[in-house]
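[1] Sharing a model prediction with you, sequence too.
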Amino acid sequence: MISLESAQKAIEKAVTKAQDLGITVTVTVVDDHGTLIAANKMDGALNISPKYSYAKAFTSANLGLPTADIAGYAVEGKPYFGTTSAFGGELMVIAGGLPIKKGGKVIGAVGVGGSADVNQDVECAKAAAEVLGKD
């Protein structure tokens, strides 16, 4: 289980990383079912970034994979083809979502959205994941 307090600490760590990178993003933490625990949209972050952030977290929590790892399987002829449309846009295969696991079990996920470079989203998500992995 990810507590609200832990989620907030993780978000703070991700926001600090974003500030270090000179970007503004939205950070979302969800439980193992993809239910929102906490989210933060930085001042100046893109208006659409909360939707991206949540979709990345939701996807990672429910599939148990980083969103970047799913992208290659979501193209025509692959097992996750149509995933992004099958659930009305709830699933996202753009990098920036990371599952949080304890004892091999998914306990939640973090999603970051809003940078122009998804590698920066991933860096921020990793910063948050470090905090959540210490519970």
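    Great, that's in hand.
[2] Isn't residue 74 up against residue 86?
    No. At 10.2 Å, residue 74 does not count as touching residue 86 under the criterion of C-beta atoms under 8 Å. C-betas here are computed from N, CA, C, even on glycine.
[3] which of these two has more neighbours?
    Taking residue 74 and residue 86 together and counting by other C-beta atoms under 10 Å, residue 74 has the greater number of neighbours (18 against 11).
[4] so what's residue 89 up against?
    Neighbour list for residue 89: residue 55 [criterion: C-beta atoms under 8 Å, 6 or more residues apart in numbering].
[5] And residue 44, by the same measure?
    With C-beta under 8 Å, 6+ apart, residue 44 has these contacts: residue 24.
[6] I'd like to know how far it sits from residue 53.
    Distance from residue 44 to residue 53, counting by C-beta to C-beta, to the nearest Å: 15 Å.
[7] host element of residue 28?
    Here residue 28 sits within strand 26-31, counting by DSSP states H and E.
[8] Sheet partners, orientation included, of that strand?
    strand 36-41 (antiparallel), strand 105-113 (antiparallel) (DSSP bridges).
[9] Kindly state which of these is positioned closest to residue 58.
    strand 105-113 (7.2 Å; C-beta to C-beta).
[10] Now the next helix or strand along the chain from that closest one: average pLDDT?
    Using DSSP H and E, the next helix or strand after strand 105-113 towards the C-terminus is helix 118-132. Throughout helix 118-132, pLDDT has a mean value of 97.
[11] now the angle between strand 36-41 and helix 118-132, please.
    130 degrees (axes from the mean of the first three to the mean of the last three C-alpha atoms, to 10 degrees).
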